[in-house]
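Asker: with the input below, show me the fold.
(2 chains)
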Amino acid sequence: MPDTSNGQPSDQPVQPAQAAQASGRPGGGATGNAPARGATTGATIELENLTKRYPGSEAPAVDNVNMEIKAGETVIFVGPSGCGKSTTLKMINRLIEPSSGRIRIGDEDVTGIDPVKLRRKVGYAIQSSGLFPHMTVAQNIALVPKMVGWRGARVTARVEEMLDLVGLDPREFHDRYPRQLSGGQQQRVGVARALAADPPVLLMDEPFGAVDPITRDHLQDELIRLQHELHKTIVFVTHDFDEAIKLGDRIAVLRDRSHIAQFDTPEAILTNPADDFVSGFVGAGAALKRLNLTRVRDVTVEDIPTAVIDDPLQSIFDLFRSASINEVLLLDRHRRPYKWLRRGDLSRAKGSLARAGTLVADTVTRDATLRDALEAVLTDNAGRVPVTGRRGEYTGVVDMETLMNSVHELLEADRLDAVEHQHQLHEARSHQTHLEQEGAAGGSTPRGPGQEAGA
Amino acid sequence: MSFWEYVGNRRTQLLLDTYQHASAVFQCMVAATVLGVLLGVLTYRSEWAGNLAITVTATILTVPSLAMIGLLIPITGLGVAPTVTALVLYGLLPIVRNAIVGLRGVDPDLVDAARGLGMSRLSRLVRVELPLAWPPILTGIRVSTQMLMGIAAIAAYASGPGLGNEIFRGISSLGSANAVNKVMAGTLGIVLLALVFDAVYVLIGRLTIPRGIRA
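Answerer: Just a heads-up that it's a prediction; the model follows:
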């Protein structure tokens, strides 16, 4: 029996530490709000011993992948080129037929069903958008709904709805041809087409690989928003680890032949990479990347003395006098940060509020990531930045110290999660080993649980 | 008799020949298109089958047209049959070759996308691959038509229809008063017909190539 005592949180389809998901990331939370628009929500995907062998080559291209993807979850396959991540994805809708193993979507075993039928239930978006250039945007989107037998008005309405959903004005884009769209718009239409017949599962094969960084960023935000509304099960292939962190509820880091090096939440992978391969892939600056996963609203911001521009001057003087404070944030009538007032500013300006102090240069919203906040703090000449709420009103201040404390807390919490997760995993494995030892007499051992972890 | 007087005198005969010529070419083109595209569709996915189809149709084209008619007469007899057979065979190459090149040239990502969306083999072919390969196929048909216009004249050798008869009559009566006029009338008629057909193809292209892929 393989040794299981050094179990890393790697290849097993074991549930990840739940706590790690509760960090308020935009894409997180599979079972959060109720789905909008009465649409079909995600279905589970199970891959069981999935293997692809090409004739004439000794080693399989994809070797014995086991994975459980929860309904409504966004799972990212990330790995170096040629690691078989795309092949694995294409086996889910059987664009590539697996040599052995099983695929289950929802509760249905789809390994043997008509692939054409299967694909109509599985949305598919690819890198080059794959829009048919001889059809208009509307015709492209209407393709799958028409194939599954929708008729007339329902198709038309759906096309409008989908264009709307991906942020394109139906009146403007309905009759355009793909070549009249920018790369980003084409990609949006590609996603709209993939989702048009309301499939529970969406497969995306490096969909944002060919667009410029700014557009890619927009498209990623858009996908997060979409997923928030739709709760599909998304499997997304990329070689960009930052993209994986941004979009994934869980990330599967794949190495050669699609062996799963680690399958876990972004937080867990960042703080506790399973091995050198994963940490190599995570790259330098895991702590910095961690900042991307947390929003300002999730950390405690400091409260500082404030005054409103309409306050009588005397009360501001009193404020400085009463407490040993050096700085007051002056707010405008709508309680938006307006000026920084230092001790002495008022007297230098001869008591005129209009001339005193320095204007607030930068603010961050509560929805900004800690990375944005850090950027703002670093560029601010006094190292602090006001945090604003939805309508720009003051809610607090972040400075270097708050940020550092928050990050330390976060990393510590992640570490604890990881330890607990490892513990769970270990238990699960010993349990499995135990079962296998019992069942070994019957010769029904599919594989040793520790085999791939160390491969 | 001047050339125009000749044309004026013989206009009924000439018009009939022109009509028959056009009709023969048109019908042969329809047959060659159907056959050629079918051959292309059946063979483009296999490297060797596609190349075989192109090589065979190219070889047919190298057979001198007079010889081809001569070889066909013992099999099909005189008249329309050898004409049609020969024309269809000659017309195949540009269509088959362009169909194969066009179908093979469809972006594999698009075919992948079509499969991924759940289109069946047939609907992929009819709704994606053929429409995208249509511009080169249409070019093949156009080239083929131009070629057949000239070759169809030879049909008169096998007592076939068309303006070739006019040319042959001229050649066989060389030295007589209207010999040159006859050859001229036949040739000019063919050139005119070719121009008209070409104009029609431009129009067909406008109407059938979707705006999204029009050059």
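
Asker: which parts of chain B are helices?
Answerer: For chain B, applying DSSP state H gives helices covering B:3-9, B:11-43, B:47-62, B:65-76, B:80-104, B:108-116, B:121-124, B:130-151, B:164-172, B:179-208.

Asker: what of the stretch 151-300 of chain A?
Answerer: A:152-165, A:170-173, A:183-195, A:213-230, A:241-247, A:266-271, A:276-282, A:286-292 (DSSP state H, counting those that start in this stretch).

Asker: give me whichever of these is most buried.
Answerer: Comparing the helices of the stretch 151-300 of chain A on average neighbours per residue, with mean count of other C-beta atoms under 10 Å in any protein chain shown, the densest one is helix A:266-271 at a mean of 27. The way it works is simple: take the backbone N, C-alpha and C, and place the C-beta from them, glycine included.

Asker: mean confidence for that one?
Answerer: The average of the pLDDT scores along helix A:266-271 is 84.

Asker: list the contacts of the nearest residue to A:G42 once chain neighbours are set aside.
Answerer: In space, and not counting its chain neighbours, A:G42 is closest to A:T233: 3.3 Å by C-beta to C-beta, 6 or more residues apart in numbering or on different chains. The contact partners of A:T233, by C-beta atoms under 8 Å, 6 or more residues apart in numbering or on different chains, come to A:42-45, A:69-75, A:200-202.

Asker: which of these fall within strands?
Answerer: The strands, defined by DSSP state E, take in A:I45, A:I69, A:T74, A:V75, A:V201, A:L202 from the contacts of A:T233.

Asker: of those, closest to A:R343?
Answerer: Comparing these against A:R343 with C-beta to C-beta places A:T74 closest, at 50.4 Å.

Asker: what's across from that closest one in the sheet?
Answerer: Counting by DSSP bridges, A:T74 forms beta bridges with A:I234.

Asker: neighbours around it, how many?
Answerer: Neighbourhood size, A:T74 [other C-beta atoms under 10 Å in any protein chain shown]: 26.

Asker: mind checking how far it is from A:Q227?
Answerer: 6 Å (C-beta to C-beta, to the nearest Å).

Asker: which strand or helix spans A:G130?
Answerer: Under DSSP states H and E, no helix or strand contains A:G130.

Asker: let me redo that: A:L319
Answerer: Here A:L319 is assigned to helix A:313-322, by DSSP H and E.

Asker: just the residues contacting that helix, thanks.
Answerer: Against helix A:313-322 from outside (C-beta under 8 Å, 6+ apart): A:P305, A:A307, A:I325, A:V328, A:L341, A:R343, A:L346, A:G351, A:L353.

Asker: pLDDT of it, averaged?
Answerer: pLDDT averaged over helix A:313-322 gives 79.

Asker: what residues of it count as buried?
Answerer: By 16 or more other C-beta atoms under 10 Å in any protein chain shown, the buried positions in helix A:313-322 come out as A:I316, A:L319, A:F320.

Asker: which residues sit against stretch A:357-377?
Answerer: A:288, A:291-297, A:299, A:329-330, A:337-342, A:345, A:349, A:379-380, A:383-390, A:392, A:395, A:398-400, A:403, A:406-407.

Asker: let's see it as CSV, backbone CA atoms only.
Answerer: Output in CSV follows, covering the C-alpha atoms of stretch A:357-377 (Å, rounded to 0.1, in the frame of the first residue of the first chain):
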residue,chain,number,x,y,z
GLY,A,357,-5.4,72.1,4.3
THR,A,358,-4.7,69.9,1.3
LEU,A,359,-7.3,68.4,-1.0
VAL,A,360,-7.8,64.7,-0.7
ALA,A,361,-6.0,63.3,-3.7
ASP,A,362,-7.2,59.7,-3.7
THR,A,363,-9.9,57.6,-2.2
VAL,A,364,-10.6,53.9,-2.4
THR,A,365,-14.1,52.3,-2.4
ARG,A,366,-15.1,49.6,0.0
ASP,A,367,-15.2,47.2,-3.0
ALA,A,368,-11.6,47.9,-4.0
THR,A,369,-9.1,45.1,-3.5
LEU,A,370,-6.4,45.4,-0.8
ARG,A,371,-4.0,45.6,-3.7
ASP,A,372,-5.7,48.8,-5.0
ALA,A,373,-5.7,50.1,-1.4
LEU,A,374,-2.0,49.4,-1.0
GLU,A,375,-1.2,51.1,-4.3
ALA,A,376,-3.2,54.2,-3.1
VAL,A,377,-1.5,54.2,0.3
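
Asker: so the residue of chain A most remote from its centre: helix, strand or coil?
Answerer: Relative to the centre of chain A, the most outlying C-alpha is that of A:K350, 52.7 Å out, by C-alpha atoms, centre = their mean. Of the three states, A:K350 takes coil under DSSP: H, G, I helix; E, B strand; the rest coil.

Asker: of all the helices of the stretch 151-300 of chain A, which lies closest to chain B?
Answerer: Closest to chain B of the helices of the stretch 151-300 of chain A is helix A:183-195 (C-beta to the nearest C-beta; 7.3 Å).

Asker: which residues are contacting that closest one?
Answerer: Under C-beta under 8 Å, 6+ apart, the answer for helix A:183-195 is A:123-126, A:129-131, A:137, A:140-141, A:143-144, A:162-163, A:165-168, A:173, A:178, A:181, A:202, A:204, A:207-208, A:210-212, A:215, A:218-219, A:222-223, A:226, A:230, A:232, B:117.

Asker: please apply the same query to stretch B:119-137.
Answerer: Contacts for stretch B:119-137 (C-beta under 8 Å, 6+ apart): A:116, A:132-134, A:143, A:147, B:37, B:40-41, B:95, B:98-99, B:101-103, B:105-107, B:110-111, B:114-115, B:205, B:208-210, B:213-215.

Asker: go with 6 Å
Answerer: A:V116, A:F132, A:H134, B:N98, B:A99, B:G102, B:L103, B:V106, B:A114, B:I209 (C-beta atoms under 6 Å, 6 or more residues apart in numbering or on different chains).

Asker: in this structure the fourth one contacts B:G140, no?
Answerer: So the one you mean is B:N98. Yes: the criterion here is C-beta atoms under 6 Å, and B:N98 meets it with B:G140 at 3.1 Å.

Asker: right, and A:P207 touches A:Y124 too?
Answerer: No: applying C-beta under 6 Å as the test, A:P207 and A:Y124 come out as separate, 9.9 Å apart.
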